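Coordinates for the following, if possible.
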Amino acid sequence: MSTEPDLSVIVGERRQLINLAYRLLGSLAEAEDAVQETYARWYGLSRRQQEAIVSPGAWLTTVATRVCLDLLGSARVRRERYVGEWIPEPLPDRTEWAGGGGPADPADWVTLDESVNMAFLVVLEAMTPAERVAFVLHDVFRYPFPEVAEIVGRTPAACRQLATSARRRIGAARAPLTPTGAQAGLVRRFKEAWEARDITALIALLAPDATMTADGGGLAGAALRPVRGSERIAQYLIHIADKAPGLTLLERTVNGRPGLVARHGGLTATVAAFEPADGRIARIWAVRNPEKLRPWTEGDTP
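Just a heads-up that it's a prediction; the model follows:
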């Protein structure tokens, strides 16, 4: 039997759990709920039960992952009823969090590396819950397959197969990563063309088969289906600018990559993430659902 778990060790796992849950769920709000539920289950154990757990960190990770698996199953049902397209919740860089402070607890920061850029999260969304969990645990968090198997309740061979399938999906869907500086320059030129309502420049900056996906969730105006093709996207963007005089565009870091924030009337209206390919913008994800913009809107003053 182990000794009484050190409270600082238990609390110290929180950041790892938040990072894991966000990658699994694509939503900071849901990740926070999952981690809260995980700690509620820990503190619901008797002292004797807690002392009998050899590795509290492993126990917390297992419970958090299983909570996320349950949430992913129910999320599929909820997203079938979602109004329009569903895009993962975008996160700002910690230095750009609205209101200047970000989460009160540093343990609630999500590490913005390449495993949370929007293109990556969107591919994760297309996976089955089991694929997503096996891949994130093994390829992102480096858990060996025997441990992944214990967490998800499958054999190591099955988990290896799930991760391989997930890797194949990612390889087929992702464009080669553009250096951050090059993406920032592309996004800046895009911003300037949009501000100038220069449709020719916008078309030139977009890949011919580019796609723009918007998420309003029924709570903000947004195209219900993806807009495809450089000309249609450029026309749509000019239409938006004409409908919202005084629209302000700000260059911001979105999930660790250069993106844009659109503000109107003193309020954050849209957060846009981009995926470049071959020197042009291939994908745009525009999140307008206010429930997903909490980190960007705290401190907004209309």
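
C-alpha from now on. contacts and neighbour counts both.
Noted.

pretty sure V227 is touching D215, no?
No. With contact defined as Cα atoms under 8 Å, V227 does not count as touching D215 (12.0 Å).

quick one, which of those two is more surrounded?
D215 (30 against 18; other Cα atoms under 10 Å).

Residues contacting the helix or strand containing E192, please?
Using DSSP states H and E, E192 sits within helix 180-195. Helix 180-195 is contacted by residues 199, 201-202, 205, 237-238, 241, 249, 251, 257-260, 274, 276, 279-281 when judged by Cα atoms under 8 Å, 6 or more residues apart in numbering.

ditto for stretch 138-152
20, 62, 65-66, 115, 130, 133-134, 137, 155-160, 163.

where in the stretch 101-250 of the chain is pLDDT low?
The stretch 101-250 of the chain contains residues with pLDDT under 70 at 101-109, 112.

so who does A157 touch?
So A157 contacts F145 (Cα under 8 Å, 6+ apart).

Now the helix or strand where it lies - C-alpha only, CSV.
Here A157, judged by DSSP H and E, is contained in helix 156-173. Listed next in CSV are the C-alpha coordinates belonging to helix 156-173 (Å, rounded to 0.1, in the frame of the first residue of the first chain):
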residue,chain,number,x,y,z
PRO,A,156,-2.2,-3.0,-27.2
ALA,A,157,-2.4,-4.4,-30.8
ALA,A,158,-5.8,-2.8,-31.2
CYS,A,159,-4.6,0.5,-29.9
ARG,A,160,-1.6,0.3,-32.3
GLN,A,161,-4.0,-0.3,-35.2
LEU,A,162,-6.2,2.7,-34.1
ALA,A,163,-3.2,5.0,-33.9
THR,A,164,-1.9,3.8,-37.3
SER,A,165,-5.4,4.5,-38.9
ALA,A,166,-5.4,8.0,-37.3
ARG,A,167,-1.9,8.7,-38.6
ARG,A,168,-3.1,7.8,-42.1
ARG,A,169,-6.0,10.2,-41.8
ILE,A,170,-3.6,13.0,-40.8
GLY,A,171,-1.2,12.2,-43.5
ALA,A,172,-3.9,12.4,-46.1
ALA,A,173,-5.5,15.6,-44.9
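
tell me the domain boundaries of this structure?
What automatic domain parsing lists as the domains of the chain is 1-81, 113-174, 180-297.

which one of the ones you listed lies closest to D93?
Closest to D93 of the domains of the chain, according to Cα to Cα: domain 180-297, at 5.7 Å.

what's the span of that closest one from first residue to last?
25 Å (Cα to Cα, to the nearest Å).

And for stretch 82-89?
With Cα to Cα, one end of stretch 82-89 sits 14 Å from the other.

how much space is there between the closest residue in space to P226 that isn't next to it in sequence and V11?
Excluding its sequence neighbours, the residue lying closest to P226 (Cα to Cα, 6 or more residues apart in numbering) is T213, at 4.5 Å. For T213, the distance to V11 equals 38 Å [Cα to Cα].

how about I53, secondary structure?
coil (DSSP: H, G, I helix; E, B strand; the rest coil).

same question, G246
coil.

which ones are touching it?
264-265.

so T61 makes contact with L17?
Yes. Between T61 and L17 there is a contact under Cα under 8 Å: 6.6 Å.

Longest helix of the chain, counting residues only.
Identified as the longest helix of the chain according to DSSP state H is helix 56-80.

buried set for that helix?
Across helix 56-80, burial judged by 16 or more other Cα atoms under 10 Å covers 56-57, 59-69, 71-72, 75.

Which strands and helices lie in contact with the very next helix or strand once past that helix?
Downstream of helix 56-80, the first helix or strand assigned by DSSP H and E is helix 118-125. Here helix 118-125 touches helix 156-173, strand 267-277, going by 3 or more Cα pairs under 8 Å, 6 or more residues apart in numbering; DSSP states H and E.

Please repeat the previous calculation with a cut-off of 10 Å.
For helix 118-125, the packing partners by 3 or more Cα pairs under 10 Å, 6 or more residues apart in numbering; DSSP states H and E come out as helix 14-25, helix 129-135, helix 156-173, strand 267-277, strand 280-287.

Tell me which of these approaches G84 most closely.
strand 280-287 (11.4 Å).

pLDDT on the closest one, on average?
Strand 280-287 carries an average pLDDT of 97.
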